[in-house]
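Undergrad: Provide a 3D model corresponding to the input given below.
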Amino acid sequence: MSDIQEKIQETIETEVEQARTVCDTSGSTSAECAAAWDAVEELQAEAAHQRSKKPKNSLEQYCDDNPEAAECRVYED
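TA: I've put the predicted structure just below:
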């Protein structure tokens, strides 16, 4: 797992604990509880997004650095 994924996972775990605490304190139907769980959901969505990213292959990396190279030309119909 990459550093960013590990940090996101640690943050999710922390936010889940905080959400549980907030909901226990202010009630499960409170706005604070809903906001806390919204934060958890956003972090989980970002974690899923990070996992779905494919790493670039060597040609894609080369073309990012050298878009004018012959190997990187894109022809349109």
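
Undergrad: need the longest helix for this structure.
TA: helix 3-26 (DSSP state H).

Undergrad: Which strands or helices does whichever helix or strand comes after it pack on?
TA: Reading on from helix 3-26 to the C-terminus, the next helix or strand found by DSSP states H and E is helix 31-52. With contacts taken as 3 or more Cβ pairs under 8 Å, 6 or more residues apart in numbering; DSSP states H and E, helix 31-52 sits against helix 3-26. Bear in mind the C-beta positions are built from the backbone N, C-alpha and C, glycine included.

Undergrad: quick one on the thing from earlier: can you pull out the residues in contact with the longest helix of the chain?
TA: For helix 3-26, the external contacting residues (Cβ atoms under 8 Å, 6 or more residues apart in numbering) are 1, 30, 32-33, 36-37, 39-40, 43-44, 46-47, 50-51.

Undergrad: what about P67, which SS state?
TA: Look at P67: counting by DSSP: H, G, I helix; E, B strand; the rest coil, its state is coil.

Undergrad: neighbours around P55, how many?
TA: 7 (other Cβ atoms under 10 Å).

Undergrad: Correction: the previous question concerned A36.
TA: 19.

Undergrad: who's in contact with it?
TA: A36 touches E15, Q18, A19, V22, C23, counting by Cβ under 8 Å, 6+ apart.

Undergrad: which sections of the chain are below the confidence cut-off?
TA: 1-2 (pLDDT under 70).

Undergrad: Please repeat the previous calculation with a cut-off of 80.
TA: Applying pLDDT under 80 to the chain flags the ranges 1-5, 50-55, 77.

Undergrad: Now the residue nearest the centre of it: closest residue in space that isn't a chain neighbour?
TA: For the chain, E46 is the residue whose C-alpha lies nearest the centre (Cα atoms, centre = their mean; 2.3 Å). Leaving out its chain neighbours, the residue that sits closest to E46 by Cβ to Cβ, 6 or more residues apart in numbering is I8, at 6.0 Å.

Undergrad: Tell me how many other residues surround the one you found.
TA: Counted with other Cβ under 10 Å, I8 comes out at 20.
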